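Participant: Here is a sequence together with a model predicted from it:
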Amino acid sequence: MEKHDTDILIIGAGGAGMFAALHAQKAAPEAKVTIAVKGLLGKCGCTRMVQGGYNVAIGNGDSVERHFMDTIIGGKWLPHQDMAWKLCETAVVRIHELENEIGCFFDRHPDGSMHQKAFAGQSFDRTVHKGDLTGIEIISRLMEQVLSRPIDRLEEHRALALIPSKSGNALSGVLFVDMRSGEFRFVRAKAVLLATGGGPTMYKYHTPSGDKTMDGLHMALRLGLPLRDMEMVQFHPTGLLGGSDTRMTGTVLEEGLRGAGGYLLDGAERRFMFDYDEKGERATRDIVSRAIFDEMRKGHTTTNGGVYISMGHLGPDNVREKFQGMVKRCADCGFDLAGGLVEVVPTAHYFMGGLVCDADTRTELPGLYVAGEDAGGAHGSNRLGGNGVANSTVYGGVAGDVMAADIDPHSGKFLHALRESDEDLITAEIERTEQPFAKKPGDIHELRQKLMDLMWDDVGVMRTRDQLVNGLEKLSDLKDEFGECGLADDNRTFNLTWHDWLNMQSLIAISETIAQAALWRENSRGAHYREDFPESGNMEDSYFTVVRQDTEGDLNVSREPVEFTIVKPGETLLDEDSETLAAV
Amino acid sequence: MSQSKELLQVSVRRGTEDESGLSTYEVPQQESQTILDVVTWIQRHREPSLSYRFACRVGMCGSCAMMVNGEPRWTCRTHVQKVLRDGRLRIEPLRNLPVIRDLVCDMTEFFDKWTRAKGVFEPTETRDDEFAAIKPSDPKRMQANAAIECINCAVCYAACDTVNLNRAYLGPAALNRAWTLANDDRDGAYYDRLAAVSESDGCMNCHSHQSCMTYCPNELNPTASIAGLKRLASLAYLKGKL
C-alpha cells in the first residue's frame, strides 16, 4: 500500500472542495494542499448540475436579513441559525469572488448590471444565474483555477475510511482506493475536509450524479460521529421517467415548466393538481410531489408508472424557444417535450441532513472539517432553490481558511503535527472493502434495485410509522442478503462493479439512518411528511434529530432542541421600512 | 414497463492501451435507451468488470464520451436509434487519448493542454470591487458567450485530425477556452495567453477541418474560435506584442 503525507487534505471536488483548496492554498501558501475526488476534478458531483442559480442578497432593497429570514422560514425554523446567517452573509462576498477573481460571468441586465431572477419560496428576486446552466459556469471556472495552482490532485480516488490517530483524540488521515489501479493508498494530513456531497441516490427515482452515494456520511457514521436531520430528503416533483433500464430516469425537468403554465396529467390525461391545491401545478415542490405520489398510489399512472407533463397547449414553438435546453435534452432521449406528453415522477434531489458541525466547519473530531451537502444544519428541513451552491461555495471557502489557520503552530489547536495512525483500523477497513472478493459472485444490481424500491415505497415522499418499521425490516433483510453478495476478483482496475458494491454499503447504512430519524420525527416539517402526524408541531418547541452509531454498530437516535440564537419563531429581523422597500 | 423488442449486436473494445480487442454482446433493445444504457446493461448483465466512466447522466459533466460506430459522442445523450447501423453498434474509447482500461481514457493530457493554453481567468479586480458592468450586447461578450458552454467532454479532441497527426497540438477545447478569455474584458493576461496559444503546437496548426464543430454535442464552433485566435495573435504580432 502506498502511503504519503500532506498538510491539508480535501475529499471531494465540487463547489465546496475546490473552494476549500483555493482558499487553503492562498491562506497557507507554504502548506501542501491535496484534493482527492471519486471522479475527475470538477466533472463529477452535483455543483456542475446546478440549473437554477445562486441566492445572494445584493439587489437594491434586498438584505442579508431578508435572505436569512427566507432561509429560516423555508427551513421551517429548523436551520442552525448561525450557519444560515453565515451562509447569507458570506454569499455576498463569495459571488464577487466568483465573478471578479475566479472568472465566472453571470447573466446581466441590458445595462450591464447583474441580473437576478425570482425563485420559489423567496421574498425577493435574488438568484444570480448563467442561463439555466449556472453550475457548469461555476465548476468549470473553479476547475481551471485549481488546475493552474500548486495543488496536488488525486483523481478517481475513492475515500474508504477516515482513520483516527492511535490515541483516538484526533483524525490522522484517510484511506483511499485508487480506482484506476485498484491499489489502496493511505494519506495522512493535519486537517481533512469532508466534502463528498450527499445525494439521496438510494431512492428509485433520484437526480444526483451517479457517483454520489453517501460515502462521506457513511465514513462519519462509522466513526461514531453525530448526523443530524437525516430524515430530511428533498424531492423534486418532476423527474424524467423512461423506465428502469435507462439512467435518464429521475433526472430533473426544471421547475420553470410548471411555472410557465405546464399541465400535470394522470395516466388518463386528466389534470389533477387542482384536487390538491388551489394553485394547481404552481403549488410548491413538496405539495406537488405529494400529489403526484398520491396519484401513483391510486394507480392513476402512465405506462412506466408516473404521470405526464404537457406543455403543448402553450404552443410548441414557444416552448421550444423558452425551454431550449430541456426540449433538446428530452429530444435527445426520444421525448417530445414541446408538443407531446413526457412521463414524470417525483425524484429524490437533495439531502438536507448531514454531519453536525459549527459555523466554522469544525466537527466534534479535531482535524476533521465538513462542508457542502455533507454538512447538516444550514437548510433545516427544506433547502431553498439557489441556496445549495451558495452553501457549498461559502462553506468550502470557510473551511479552507479555517483549516489553514488551525494547522498553524500558534493557533492553539495542536493540529500542526501529523499524527500516528490507528493501523489496526486501516487493516480492518481494507478487509471490509475486500469482503466481496471472498464470496460467490451475486447480482449487486438487483440488490440496488431492491433498496431503491423499498426506500421509495416505505421511506419516501409520504411516511407512516407502519411503513417505516416495515422499511427498516426490509433494510435489515437486504443487509443480510448483501452480506452474501460477492464478486469475482479478476481485475481491480477501474472495476465499476466493485465500486457498485461499495456504493451499496454506504447507501444501505445511510438509508437506515434516514428511516430511523424519520421514525423519531413525529410531526411533518418541510421535506418530511408523516401521514400519521400531519401537523408541524409548535415552532417554539422545534427539535432536530441526531443519529449516532455505537461501537456495537447499533444506531442511537435522539432529539435536540433547536437553538434560536438569532431570531425566535413569531419574530423577524425585518422592520417595516425594509418590508415596504422590498414591496416597492 | 417498456417491452424488449429486438436484440442489438454490440461490439465493445476491451483491454488496455497496449492490448485490446472487440467483444460482442447481444443487448435487448428498449424504447428509451441511450448508448450509456447499452454499456450499463452489459456491465450489469454480462461483464461485471467492464470499465467505463460516467457521472451526471444528462449531458452536463462530459465524463462519458466514447467512439460510437467510429464517431465521438456523449453517450448519455445519444439515443440508440440515432446511431444504430443495421442493428449494430461498435463502442470504443475516445480517439486521441491513452486508454486506462476498456472504455476509459486518461484525460490528463487534455486538461494539461487546457492549462498550457492559459485557459484560466487572470483577475484584475478583487472580491472587494464591484462587478464589471458589461452589457450582454457588447460584441466581445457576445463572442465569448457563443463559445462558453463547453463541458470539456473531449469529443472535439477525439474528432480532431490535427491532434491525431500531432499529439502535442493544444486541440480545439483548450483553444476555444482561450478564445472566450481573449474576449473577456475583465481578464488581465491577454498577451500572455496569445503568446501561449501561438507557440509551435498552438492555434496556427488548425487546418479548419471543422470536425470539432461537426461533433460538438453543445453545437459550439471551436473552428471559428481558433480562427479568431489566429487573427488576434497575428494582430498582436504586427503590433510587436508577441
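Facilitator: Structure received. Numbers count the residues shown, from 1 in each chain, chains lettered A, B, ... in the order given.
Participant: What parts of the stretch 301-450 of chain A come near chain B?
Facilitator: Residues of the stretch 301-450 of chain A found near chain B (CB under 8 Å from any CB of the partner chain) are A:303, A:304, A:329, A:332, A:333, A:334, A:335, A:441, A:445. Every C-beta, even on glycine, is put in place using the N, C-alpha and C of the backbone.
Participant: Tell me which helix or strand the third one sits in.
Facilitator: Residue A:329 is part of helix A:324-332 when elements are defined by DSSP states H and E.
Participant: so after that helix, what's the next helix or strand?
Facilitator: Counting by DSSP H and E, what follows helix A:324-332 is strand A:341-351.
Participant: how many neighbours does whichever residue of chain B sits closest to chain A have?
Facilitator: Chain A sits closest to residue B:121 of chain B, with a gap of 2.4 Å, by CB to the nearest CB. Residue B:121 has 25 neighbours, counted by other CB atoms under 10 Å in any protein chain shown.
Participant: Distance of residue A:301 relative to residue A:308?
Facilitator: 10 Å (CB to CB, to the nearest Å).
Participant: brain fart, residue B:99
Facilitator: Per CB to CB, residue B:99 is found 43 Å from residue A:308.
Participant: likewise residue B:69?
Facilitator: 33 Å.
Participant: When those two are compared, which one has more neighbours?
Facilitator: Under the neighbour definition other CB under 10 Å, residue B:69 and residue A:308 were set side by side, and residue A:308 has more, 22 against 15.
Participant: beta partners for the more buried one?
Facilitator: Note on residue A:308: beta-bridge partners by DSSP bridges are residue A:265, residue A:343.
Participant: downstream neighbour of the lowest-mean-pLDDT helix or strand in chain B in the secondary structure list?
Facilitator: Of all helical and strand segments in chain B, the minimum by mean pLDDT, DSSP states H and E falls on helix B:80-83, at a mean of 95. On the C-terminal side of helix B:80-83, the nearest following helix or strand under DSSP H and E is strand B:88-92.
Participant: buried set for the strand or helix carrying residue A:431?
Facilitator: Using DSSP H and E, residue A:431 falls within helix A:423-434. Across helix A:423-434, burial judged by 16 or more other CB atoms under 10 Å in any protein chain shown covers A:425, A:426, A:429, A:430, A:433.
Participant: do you know how far the second one is from residue A:128?
Facilitator: Meaning residue A:426. 44 Å.
Participant: now do residue A:206
Facilitator: Counting by CB to CB, the separation of residue A:206 from residue A:128 is 27 Å.
Participant: Tell me, how many residues neighbour residue A:450?
Facilitator: Neighbours of residue A:450 using other CB under 10 Å come to 17.
Participant: likewise residue A:523?
Facilitator: Residue A:523 has 17 neighbouring residues, counting by other CB under 10 Å.
Participant: again with residue A:181
Facilitator: Counted with other CB under 10 Å, residue A:181 comes out at 15.
Participant: same deal with residue A:438?
Facilitator: Residue A:438: 9 neighbours (other CB under 10 Å).
Participant: Grab the nearest non-local neighbour of it.
Facilitator: Distances taken as CB to CB, 6 or more residues apart in numbering or on different chains place residue A:486 nearest to residue A:438, at 6.7 Å, with adjacent residues excluded.
Participant: Can you pull the domain assignment for chain B?
Facilitator: As assigned by automatic domain parsing, chain B contains the domains B:7-105, B:108-238.
Participant: hang on, the earlier thing: could you redo the residues of the stretch 301-450 of chain A next to chain B as JSON lines and give each row pLDDT?
Facilitator: Shown next, in JSON lines, are these (pLDDT from 0 to 100):
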{"residue": "A:303", "pLDDT": "94"}
{"residue": "A:304", "pLDDT": "95"}
{"residue": "A:329", "pLDDT": "90"}
{"residue": "A:332", "pLDDT": "85"}
{"residue": "A:333", "pLDDT": "83"}
{"residue": "A:334", "pLDDT": "87"}
{"residue": "A:335", "pLDDT": "92"}
{"residue": "A:441", "pLDDT": "96"}
{"residue": "A:445", "pLDDT": "96"}
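Participant: What average pLDDT does the biggest helix by length in chain B get?
Facilitator: Counting by DSSP state H, the longest helix found in chain B is helix B:222-238. Averaging pLDDT along helix B:222-238 yields 98.
Participant: where in chain A is pLDDT low?
Facilitator: A:577-584 (pLDDT under 70).
Participant: switch to 80 and redo it
Facilitator: Applying pLDDT under 80 to chain A picks out residues A:120, A:576-584.
Participant: Longest helix in it, by number of residues?
Facilitator: Secondary structure of chain A per DSSP H: the longest helix is helix A:496-520.
Participant: by contact count, what packs against that one?
Facilitator: Counting contacts by 3 or more CB pairs under 8 Å, 6 or more residues apart in numbering or on different chains; DSSP states H and E, helix A:496-520 is packed against strand A:157-164, helix A:215-222, helix A:444-458, helix A:465-483, strand A:543-549, strand A:555-561.
Participant: right, and the ones you listed - which one's nearest residue A:493?
Facilitator: Among these, the nearest to residue A:493 by CB to CB is strand A:157-164 (13.4 Å).
Participant: doesn't residue A:102 make contact with the residue of chain B closest to chain A?
Facilitator: Yes: Residue B:121 lies in contact with residue A:102 (CB atoms under 8 Å); the separation is 6.6 Å.
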